[in-house]
Each structure stands twice: as C-alpha cells, then as structure tokens.
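In: Show me how the following folds:
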Amino acid sequence: MPGPSQSQRLWPIGLLAAGVLYILMLLNASSQPAGGGEANIAVAVEALFPTAALWVVLVCMLIVGGVGGSMPRWAGWLAGVLVPMSGVANFVAVDMCSRRMPWAIVFLLLLAPLLAFYALWARLPWLQARLPAERTSVAVRATVFVLSIASFALAA
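Out: Residues are numbered from 1 along each chain as shown. Coordinates of the predicted model:
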C-alpha cells in the first residue's frame, strides 16, 4: 500500500502556518496602540508582515489545491482576481480596526478562513464528496467577493 504523497504530507504544515499567521494578524488588529503617530506607524508596519505572509501561504495553499485537487477551472481563474482583492480588503479591514472601527474585525474573521477552507476542500476527496464542486465554488467565491466589496465600501 503506497504512503501519502509529498503534497499530502506537507498539507498540514501549510494549514498550521496559516493558522499561526491568522492568530497573529487577529491579535495585531485587535490591539490598540498607546501613543501618537509613531506608535500608529509601528503598529501598521507590524501588521503588514503577518498579514502579507498569511496571504502568501493562502495563495500557495490554493495553488496546491487547484493543481493537485479538483477545483473547477473557472474557480481557479477567478481566484486570480478574488484572492488579491480579498488580500487588499483584509489590509483595509486591519486599517479600519486601527481607526477605532472594531466591527471591521468581522472581515478578518471570515476572509482568510473562507480561502483556507476552499483550499482544504480542493485537496480532500471526502470533503468534495459531501460538498459539490459547483455549489461550493460559487458560495465561497461569491462570499469572498461580497466581503471584499463591503470592506472597501465601508472604509470609504
């Protein structure tokens, strides 16, 4: 009986890395700096790295899910637009949290887990058997789109 492939063995590492970065991003977004302008700039730079790293990990997970999984072709192409858009929306939501809009954390709580779930769904056959490809892809992509647009609209 053959063992798991290289990508199957590395999958939990990507999920673990995304989880750690996600927690760091949430902790950073929920903290309020004490001080003036320099403290705010320091917090902004501090938020930049875990958030950017999280989106890099999510992109890698989605690429692995798209190449090695059963993601519909149209969903893969749409991810080329929606994933960067959701990354920018995530940065906008972090900024909104820093501007004393604590409800904006809802965007942070939903965007990254939706993308991670979709990447996980694309790699796990038992999950694909329970959730059909078209419905899952439409639901996740539409939700990411709506959350991203809402983040942009509410930040203005």
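In: Who's the closest spatial neighbour of residue 74, skipping the chain neighbours?
Out: residue 137 (7.7 Å; C-beta to C-beta, 6 or more residues apart in numbering). Where C-beta positions appear, they are placed from N, C-alpha and C, glycine not excepted.
In: Was I right to think that neighbour contacts residue 70?
Out: No - at 10.3 Å, residue 137 does not count as touching residue 70 under the criterion of C-beta atoms under 8 Å.
In: where's the residue nearest to residue 74, which helix or strand?
Out: helix 133-155 (DSSP states H and E).
In: give me the number of residues near the residue nearest to residue 145 when sequence neighbours are not counted?
Out: Closest residue to residue 145 apart from its sequence neighbours, by C-beta to C-beta, 6+ apart: residue 82 at 6.0 Å. Counted with other C-beta atoms under 10 Å, residues neighbouring residue 82 total 20.
In: For the helix or strand hosting residue 82, which helices and strands make contact with it?
Out: Assigned by DSSP H and E, residue 82 belongs to helix 73-98. Counting contacts by 3 or more C-beta pairs under 8 Å, 6 or more residues apart in numbering; DSSP states H and E, helix 73-98 is packed against helix 6-30, helix 37-68, helix 105-123, helix 133-155.
In: and the longest one with helix 73-98, angle?
Out: If you take axes from the mean of the first three to the mean of the last three C-alpha atoms, to 10 degrees, helix 37-68 sits at 170 degrees to helix 73-98.
In: Looking at residue 137 and residue 70, which one has more neighbours?
Out: Neighbour count, other C-beta under 10 Å: between residue 137 and residue 70, residue 137 has more, with 21 against 13.
In: State the distance from residue 27 to residue 75.
Out: Using C-beta to C-beta, to the nearest Å, one gets 31 Å for the distance from residue 27 to residue 75.
In: check contacts around residue 133.
Out: Counting by C-beta atoms under 8 Å, 6 or more residues apart in numbering, residue 133 touches 70-72.
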